[in-house]
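> Got a predicted model here, sequence first, then my questions.
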Amino acid sequence: MDKNKSTKANHNVVKFNRWGYIFLIPFFVTYIIFSLIPLFSTIYNSFFENYRSGLKQIGPNFVGGANYVNLLTTPEIWKYLGNTLLMWVGGFIPQIVIALLLAYWFSDPSLRLKGQRFFKTVIYMPNLIMASAFSMLFFALFSDSGPVNQILLSLGAIKEPFKFFQFVGASRILVMLMNFLMWFGNTTILLMAGMLGIDSSLYEAAQVDGATASQVFFKITMPILRPIFIYVLITSLIGGLQMFDVPQILTNGRGNPMDALTTVIMLLNRYLTSKDVGRGGALSVFLFIVTGILSLVVFRINSSKEKD
Amino acid sequence: MRKKILSVLLSTTMVAGILSACGSAAETPATEAPAAEAPAAEAPAAEAPAADAATEAPAADAAAEAPAADEGKVLNISAWNEEFKSRLTDHYPGYEVVDGTTGKIGDVTVNWLITPNEENAYQNRLDELLLAQDSAAADDKIDLFLVEADYAVKYTDTDYTMPIKDLGITDDELKDQYTYTQDVVTDSNGVLKGTSWQGCPGVMIYNRAIAKEVFGTDEPADIQAKFSDWDKFFESAGELDKAGYDVISSTADTFRVYQNNAKLPWVNGTQIQVDDNLKKWVEDSKKLADAGYCNTWGQWGEDWNKGFYPEGKVFAYFGPAWLIDFCMAADVDGSVAHDGGWAATEGPQGFYWGGTWICAATGTDNANLVADIMRKMTMDPEVMKDIVLKDNDFVNNRPVMEELANDPSYQNAVLGGQNPLKMFCAGADNIDMANLTAYDQGLLGDFQTAMGDYINGNYATYDEALEQFYTLALQRYPELTR
């Protein structure tokens, strides 16, 4: 990971670099203990039958790839992966659109927006609330006799309370909405940082050449912003694949209706009833591989464009 | 140049991102690895308590006579809510409250370990505590723990739970308890491993004002005639619907009634089985929901609760004594219960719901105190009568309950002065607990989740929903088959 290759031409540099390595030690120690070892022990455990039946421990018995075969041949895992990706995409598209727009406005000096600080704070606020608190709030807001239904009823928009949590579409949209609300502020700030780093002389030159606002955006801002954009996309993808807290709390772990809100990590949580380390390990490894592949695909697509 | 730096930065962050991502995904099972190894290491030790218990038995007997000088100074009680704590506070002689989670009995500190039931959290914690019982310091050992009927077998059928007679409690002391309460906590070898202060026969609790308006009477006998079986129940529900009332708050309300009248246990060997009566619940509930006679929301939510108030327009709830006493908002101004607006009748079928059993953990260092708490709270007629009079609970003592059932001066204020105890007594005698398995709690929850979607119209057929039930059940219990 460390790309700073020290050249041996200068002794002083080597001496300073030594300090660099020393400062890196705490990171690597915590990383090895809390990430690397668990990572390998997860892979190791995924080859065992190892769970608890009541208070009785079953296993660990070596079963080879049986956990993987069981996992991948049941249709649910693909369904849950589909649920996860769908709810991520549904939240990510509005999130990136709104964030781009806001970041563009905030970073454009010619607009001279007033109260920027205030709005930057406000859009970031939802991210400060815990996801679980946020989804409990939504559960109360959208319950059958909750405020949203009350308002719609009193406006005469509906005759009977609309049961949001009984419909697959409505409940998925609520999850997407929550993910969007929680993360668009964060994305805005990242994109804005990228946009502010663009040399203003480029914009001036474009203005002199008579470029329109949309030309400036698509020909200057977006190409230079691409690395930040990929970063946002990949972190969001990784976060999205691990989606857990919002649907878990919203549906009390059941993924209702019809298991349509169950994400991959929620399935991992279900294995906890029987402390099933084997199946849990197989699922984690599966998710690790899926995440790795998808991230590489996204990275490839974007970097190949860069060469054109 | 900047581009190069950025791309280096990016590739670094990306790799770190992937790694940290898998790190957190992987952590959950991985951190458990040591925990999973622990029981294996303990396996030989697990037999030790059994031997201990045998040698301890005479010791406990001897100690029962002598003053408790060698007893531990901390009594750890594991529970999922405040119910037993409030019973102990109010009725156990000499219990003093110290703060929210501690109390004192004499010079013994009572330490309450309260973990809510949600998502199996209570059992997860209890499992860890019991599995670590041997290696725990004397003051950290669990002494008493509480269980529910839905999963009692999981604990009683192991050596982690102490036989009642090893605490020095004799059959004679237990003779007044209802048989079913003992069946729940009797292990597969016929050894009694716990005891309860309450019985939970259930009744149909209906709103008097609505009964008068729709049926012209609020007399329990007349209402019973209109709800004596499920067909009549459906007919009367139609009448209530015309007047703008829901017969019950949610289809979930009747689940326990059908479930208790099932003939098959949930699991036979390792095979999951679904009783016909549960299918009947699904069909009847679907009929009720499709006709708009009731809703389908989950129990305990705000929507479900609203029938506790007149504007909720709900005719009836199904429940045992603790629902009336503990849950129906009797202390809230304006609730139906506060104004004594409910009445009770048997309803279409008898059933039970809930109940809490106290078990002694093997390895307890407070055996005498544990035995005394069991004696006072679940066998002492004076204390138990006091519980009925103060808390309107239905206690696990036949003579006390029968005496009060025939006592015209006993009135339940929530039920508008009705004495429902005769009904409860008759119900308690009929409860049959032969069908319990260690998997009941998980399976009946999953069944309701899957069938709830069918009742709401998300699944087209019962079979699709049943398929979903099996999927959920096998995720939860890898050892079961369909």
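Perfect, thanks for sending it.

> Relative to chain A, which residue of the stretch 151-300 of chain B is the closest?
Closest contact between the stretch 151-300 of chain B and chain A, by CB to the nearest CB, is at residue B:154 (4.2 Å). Bear in mind the C-beta positions are built from the backbone N, C-alpha and C, glycine included.

> Let's verify that residue: helix, strand, or coil?
Following DSSP: H, G, I helix; E, B strand; the rest coil, residue B:154 is assigned to helix.

> Neighbours of it, how many?
Applying the criterion other CB atoms under 10 Å in any protein chain shown, we find 23 residues in the vicinity of residue B:154.

> distance of it from residue B:120?
Residue B:154 sits 11 Å away from residue B:120, taking CB to CB, to the nearest Å as the criterion.

> now do residue B:75
From residue B:75 across to residue B:120, the span is 25 Å (CB to CB).

> which of those two has more neighbours?
Neighbours of residue B:75 and residue B:120, each counted by other CB under 10 Å, are more numerous for residue B:75; the result is 25 against 20.

> Please compute how far the strand or helix carrying the more buried one lies from its chain's middle.
The secondary structure element spanning residue B:75 is strand B:74-79 (assigned by DSSP states H and E). Computed by CA atoms, centre = their mean, to the nearest Å, the separation of strand B:74-79 from the middle of its chain amounts to 18 Å.

> So what are the sheet partners of that strand and their directions?
Sheet pairing here is set by DSSP bridges, and for strand B:74-79 it gives strand B:108-114 (parallel), strand B:142-147 (parallel).

> quick one: residue B:470 is in a helix?
Yes: Residue B:470: assigned to a helix according to three-state DSSP.

> show me the residues around it that make contact.
B:272, B:482 (CB atoms under 8 Å, 6 or more residues apart in numbering or on different chains).

> what's the helix or strand for residue B:236?
helix B:230-242.

> before we move on, back to that, got the CA coordinates for the strand holding residue B:75 in PDB?
The C-alpha coordinates for strand B:74-79 follow below in PDB (Å, rounded to 0.1, in the frame of the first residue of the first chain):
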ATOM      1  CA  VAL B  74     -24.400 -11.200  45.400                       C
ATOM      2  CA  LEU B  75     -27.500 -12.600  43.900                       C
ATOM      3  CA  ASN B  76     -27.600 -12.200  40.100                       C
ATOM      4  CA  ILE B  77     -31.000 -12.400  38.500                       C
ATOM      5  CA  SER B  78     -31.300 -12.500  34.700                       C
ATOM      6  CA  ALA B  79     -34.600 -11.200  33.300                       C
END
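
> Quick one: list the elements packing against whichever helix or strand comes after that strand.
Next helix or strand after strand B:74-79 toward the C-terminus (DSSP H and E): helix B:83-91. The helices and strands touching helix B:83-91, judged by 3 or more CB pairs under 8 Å, 6 or more residues apart in numbering or on different chains; DSSP states H and E, are strand B:74-79, strand B:95-99, strand B:102-105, strand B:108-114, helix B:367-378, helix B:381-391.

> So which bits of the helix or strand following the last one are buried?
In this case it means helix B:381-391. On the C-terminal side of helix B:381-391, the nearest following helix or strand under DSSP H and E is helix B:398-405. Residues of helix B:398-405 classed as buried under the neighbour-count rule (16 or more other CB atoms under 10 Å in any protein chain shown) are B:398, B:400, B:401, B:404, B:405.

> Tell me the one among these nearest to residue B:293.
Using CB to CB, residue B:405 is the member of those that sits closest to residue B:293, with 33.0 Å.

> right, and the closest one touches residue B:427 too?
No: in this structure, residue B:405 sits apart from residue B:427 without contact. The criterion is CB atoms under 8 Å, and the distance is 11.4 Å.

> Pop out the phi and psi values for the residue lying closest to residue A:282 once chain neighbours are set aside.
When the adjacent residues along the chain are set aside, residue A:282 lies closest to residue A:67, with 3.7 Å between them (CB to CB, 6 or more residues apart in numbering or on different chains). When read as degrees, to the nearest 10, the backbone of residue A:67 gives phi -60, psi -40.

> so what's residue A:67 scoring on pLDDT?
According to the per-residue confidence, residue A:67 scores 92 in pLDDT.

> Please name the residues that touch it.
Listed by CB under 8 Å, 6+ apart, the contact partners of residue A:67 are A:46, A:47, A:48, A:49, A:278, A:279, A:281, A:282.

> What of residue A:233?
If a contact means CB under 8 Å, 6+ apart, then residue A:233 has A:96, A:298, A:302 as its contacts.

> Could you export those as a markdown table, including secondary structure, pLDDT and distance to residue A:134?
Below are the contacts of residue A:233 laid out as a markdown table (DSSP: H, G, I helix; E, B strand; the rest coil; pLDDT from 0 to 100; distance: CB to CB, whole Å):
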| residue | secondary structure | pLDDT | distance to residue A:134 |
| --- | --- | --- | --- |
| A:96 | helix | 94 | 20 |
| A:298 | helix | 86 | 27 |
| A:302 | helix | 74 | 31 |
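
> Give me the buried subset of those.
Neighbour counting with 16+ other CB under 10 Å marks A:96, A:302 as buried within the contacts of residue A:233.

> mind listing the strands for the stretch 301-450 of chain B?
B:314-320, B:342-345, B:351-352, B:357-360 (DSSP state E, counting those that start in this stretch).

> list the contacts for residue 176?
I went with chain A, as the question did not name one. Going by CB under 8 Å, 6+ apart, residue A:176 touches A:87, A:90, A:91, A:94.

> my question was about chain B
B:379, B:381, B:397, B:398, B:399, B:400.

> Do I have it right that the fifth one meets residue B:381?
Yes: here residue B:399 reaches residue B:381: they are 6.7 Å apart, a contact under CB under 8 Å.

> from memory residue A:272 sits against residue B:121, does it?
No: here residue A:272 lies out of contact with residue B:121, judged by CB under 8 Å, at a distance of 9.9 Å.

> Residue A:49 belongs to a helix?
No: Residue A:49 is assigned strand when assessed by three-state DSSP, not a helix.

> Would you check how far apart it and residue A:58 are?
Residue A:49 sits at a distance of 7 Å from residue A:58 (criterion: CB to CB).

> count of neighbours near residue 181?
As the question left the chain open, I've gone with chain A. Other residues close to residue A:181 by other CB under 10 Å number 19.

> The chain in question should be chain B.
Other residues lying near residue B:181 total 25 when counted by other CB under 10 Å.
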